[in-house]
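Asker: Have a look; sequence and predicted model below, questions after that.
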Amino acid sequence: MGESENPEFSTDARATGTEAATDAAAVRKEFALERYRYVLQQIHAVNENAHRFLAIYQTLATALVTAALALFVGYRKWDLAAATARGGVIGLLTLVTVVAAFTGTLIVVGALAWLDYRHEECDITDEVVGPGFRKRPRPGNFLRWYETYVLLFILVSVITMWVLAASFLLPAMR
């Protein structure tokens, strides 16, 4: 009863030290391969998320600015006071700004996660394949990252909306 039915675990079938080391190395390589696949999957997901965040921003910003323009065009017909309509436009632009800030935060966090996953990818390849197999990412290359330009687009679009509203819409609502 004290011995296992499985010969692989019986006390008579003990592996030698070399066989055990070989088995441990094989398990370690298999684990590293699975972890490498996971890291590559996460890098891909982070890249896709930036596009999703931009699409969400564009959709929400378009809807909110359309509502602000509809308010500007129709506030007289709807018998709204000019001050109320101005407050509504400012409120809608504030919502656009909040959405932009949230989207920007998600993109920055995604870029930081991408950097972390790339470093982990390099650690795995350094260990399994050899040092220097993959070059480590350099944050100084941020001008080559599309996230930089997505953030710039968001920033410029929000500033442009506020400038246009302050220059044209709000003064016309008197």
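Answerer: Structure's in. What do you need?
Asker: Every contact and neighbour count from this point should use C-alpha atoms.
Answerer: OK.
Asker: now the helix or strand of the chain with the lowest mean pLDDT, how far from the chain's geometric center?
Answerer: One helix or strand of the chain scores below all others by mean pLDDT, DSSP states H and E: helix 17-74, with a mean of 92. In terms of CA atoms, centre = their mean, to the nearest Å, the centre of helix 17-74 is found 6 Å from the chain centre.
Asker: which other helices and strands contact it?
Answerer: Applying 3 or more CA pairs under 8 Å, 6 or more residues apart in numbering; DSSP states H and E, one finds that helix 17-74 makes contact with helix 82-128.
Asker: and the next helix or strand after the helix it packs on with helix 82-128, angle?
Answerer: Using DSSP states H and E, the helix or strand that follows helix 82-128 in sequence is helix 146-164. Helix 146-164 and helix 82-128 are oriented at 170 degrees to each other (axes from the mean of the first three to the mean of the last three CA atoms, to 10 degrees).
Asker: any idea of the mean pLDDT in helix 146-164?
Answerer: Helix 146-164 carries an average pLDDT of 96.
Asker: Buried residues of that helix, list them for me.
Answerer: Buried residues in helix 146-164, defined by neighbour count with 16 or more other CA atoms under 10 Å: 147, 150, 151, 154, 157, 158, 161, 162.
Asker: Contact partners for the last one?
Answerer: What that stands for is residue 162. Shown in contact with residue 162 (CA atoms under 8 Å, 6 or more residues apart in numbering): residue 93.
Asker: now it: how far from residue 43?
Answerer: 35 Å (CA to CA, to the nearest Å).
Asker: residues in contact with the spatially most central residue of the chain?
Answerer: Nearest to the mean C-alpha position of the chain, counting by CA atoms, centre = their mean, stands residue 110 at 3.0 Å. By CA under 8 Å, 6+ apart, residue 110 lies in contact with 46, 47, 49, 50.
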